[in-house]
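> Any chance you could fold what I've pasted below:
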Amino acid sequence: MKKKQITLMIFVFVFIPFGVWCFFLREEPISKAGFIQQGITTINGKAEIKLYDSQAIDGDTIDFYFDGKLIFRKLGLSDTARVYYTGKLSKGEHWIGIKAVTEGFNPPATPHIGICDGRKTVDFDIESFRDSTSGSWVVNVK
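Here you go, the predicted model:
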């Protein structure tokens, strides 16, 4: 009897929530086809990506994607960096995508991005317009 109860509890508390997540809550990665590439950077191994507003803090809000996966939804940019740690990346091409949710009072939404791989830091801006193009940046890992 006890074995059946444990099996039932595992089913109810593990498999059912996992199934709900898989079919209803999980978001599939998006294609970079809708993004305009604005540059290329080469790094080693893993990266720390910092996003912030380095110009006028005017209320920009963005969605931040890495390899098509939504990382930060409706991220309000400020002078304090929000950090994403990629972990160890496979060799080859990866990409950062920025979609403007709001452009603040001084369009376009322009997050400043710093990528540090432990040896060097690369800084750049990606422009993204709410009603037209979204920006992207290619990150090559060697």
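> hang on, residue 89 packs against residue 48?
No: Residue 89 is not in contact with residue 48 according to Cβ atoms under 8 Å; the separation is 11.6 Å. Heads up, the C-betas are built off the backbone N, CA and C, glycines and all.
> Comparing those two, which shows the higher neighbour count?
Here residue 89 and residue 48 are compared on neighbour count by other Cβ atoms under 10 Å; more neighbours surround residue 89, at 18 against 15.
> Distance check, the closest residue in space to the more buried one that isn't next to it in sequence against residue 101.
Spatially, and ignoring its direct neighbours in sequence, residue 89 is nearest to residue 141 (4.7 Å; Cβ to Cβ, 6 or more residues apart in numbering). Distance from residue 141 to residue 101, counting by Cβ to Cβ, to the nearest Å: 29 Å.
> More neighbours: those two, which one.
The residue with more neighbours, out of residue 141 and residue 101, is residue 141; 19 against 15, by other Cβ under 10 Å.
> Worst mean pLDDT across the helices and strands of this protein, which element?
helix 16-20 (a mean of 65; mean pLDDT, DSSP states H and E).
> moving C-terminal of that helix, what's the next helix or strand?
Downstream of helix 16-20, the first helix or strand assigned by DSSP states H and E is strand 35-43.
> for that next one, packing partners?
Packing partners of strand 35-43 (3 or more Cβ pairs under 8 Å, 6 or more residues apart in numbering; DSSP states H and E): strand 92-103, strand 121-125, strand 134-141.
> so is residue 55 in a helix, a strand, or just coil?
With DSSP: H, G, I helix; E, B strand; the rest coil as the basis, residue 55 sits in coil.
> hmm, I was thinking of residue 6
Going by three-state DSSP: residue 6 is helix.
> burial of residue 38, as a residue count?
As a measure of burial, residue 38 has 17 neighbours, counting by other Cβ under 10 Å.
> and it, how far is that from residue 128?
9 Å.
> so how many other residues sit close to the closest residue to residue 40 other than its chain neighbours?
Nearest non-adjacent residue to residue 40, counting by Cβ to Cβ, 6+ apart: residue 138, 4.5 Å away. Residues lying near residue 138 (other Cβ under 10 Å) number 15.
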